[in-house]
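Participant: Model the following, please.
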Amino acid sequence: MAKDTPPRWDRRMQQRLARGEAAALGELYDRFASLVHNTAHRVLEDEEAADRITREVFGYVWENPDAYDPRREGSMRSWIARLARSQAVHRLRQLETAAHAERGGGSAEELEQKVRRAAVAARADYIVTSMPAPLRAALELAYFQRRDYRQTAADLGVTEDEARRRLRLGLQLLSTAHSRPLEGSPPPGPGNAP
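Facilitator: The predicted model follows:
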């Protein structure tokens, strides 16, 4: 398969959406709704707002299946996660700006830091849930259960070198949550049409 060719499922899904197959949207929703909702909830800390973002993202995907460019976006999962994160960050900016104006206090820099922290946290969550299971398991043992690499190796039934490799690679992937610039503009969608 050529390097710039999207995975078969992504390509077929995009074609089905472009043909207007409602069943395709249902399948896409079943597969990625929890990712979108969790991402939005992580940023906004509000169930109703996360529900709204979920509807907006899937509405946008349904109306604009050709906006997905696998050469630019990567997998459809990555594209949908970026849409969710970007829309949620945009909504958080709107809400915080309105609250900031209402309070008449706080600095724009404080507002931007809050938005930035929420975006990084959402990206980190996405990275952890998307990484291969062996890396995720090693990180969970090391950081949530406070195991060192020797205990992690024993719990996973792998060598200590393999446990160190998994932890190192998992941390390298996780470190990209901070290195990616914050999206400056929301994805096209309801209220954000190009």
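Participant: Which element, helix or strand, includes the closest residue to L35 other than its chain neighbours?
Facilitator: Ranked by C-beta to C-beta, 6 or more residues apart in numbering and with sequence neighbours excluded, the top spatial neighbour of L35 is A81, at 5.9 Å. Bear in mind the C-beta positions are built from the backbone N, C-alpha and C, glycine included. For A81, the host element (DSSP states H and E) is helix 76-103.
Participant: hmm, back to that, residues near the residue nearest to L35, how many?
Facilitator: Each residue near A81 was counted by other C-beta atoms under 10 Å, and the total is 25.
Participant: same question, A119
Facilitator: 24.
Participant: coming back round to it: now do the helix holding A81: distance to the chain's middle.
Facilitator: Distance, stretch centre to chain centre, for helix 76-103: 12 Å (C-alpha atoms, centre = their mean, to the nearest Å).
Participant: buried stuff in it?
Facilitator: 76-77, 79-93, 96, 100 (16 or more other C-beta atoms under 10 Å).
Participant: Spatially central residue for this protein, please.
Facilitator: Nearest residue to the geometric centre of the chain (C-alpha atoms, centre = their mean): A81, 3.8 Å.
Participant: Which elements pack onto the helix holding A81?
Facilitator: If you count contacts as 3 or more C-beta pairs under 8 Å, 6 or more residues apart in numbering; DSSP states H and E, helix 76-103 packs onto helix 8-18, helix 22-44, helix 47-63, helix 70-73, helix 108-130.
Participant: what's the angle from it to helix 22-44?
Facilitator: Here the directions of helix 76-103 and helix 22-44 differ by 40 degrees (axes from the mean of the first three to the mean of the last three C-alpha atoms, to 10 degrees).
Participant: ok so, going back, could you redo the helices and strands packed on helix 76-103 as JSON lines and give each row distance to T152 and mean pLDDT?
Facilitator: Shown next, in JSON lines, are the helices and strands packed on helix 76-103 (distance: least, C-beta to C-beta, whole Å; pLDDT from 0 to 100):
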{"stretch": "helix 8-18", "distance to T152": "33", "mean pLDDT": "92"}
{"stretch": "helix 22-44", "distance to T152": "26", "mean pLDDT": "91"}
{"stretch": "helix 47-63", "distance to T152": "33", "mean pLDDT": "94"}
{"stretch": "helix 70-73", "distance to T152": "34", "mean pLDDT": "82"}
{"stretch": "helix 108-130", "distance to T152": "16", "mean pLDDT": "74"}
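Participant: possible to save the ones you listed as a markdown table with distance to R166?
Facilitator: Below are these laid out as a markdown table (distance: least, C-beta to C-beta, whole Å):
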| stretch | distance to R166 |
| --- | --- |
| helix 8-18 | 27 |
| helix 22-44 | 23 |
| helix 47-63 | 31 |
| helix 70-73 | 28 |
| helix 108-130 | 13 |
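Participant: Perfect, that will be all.
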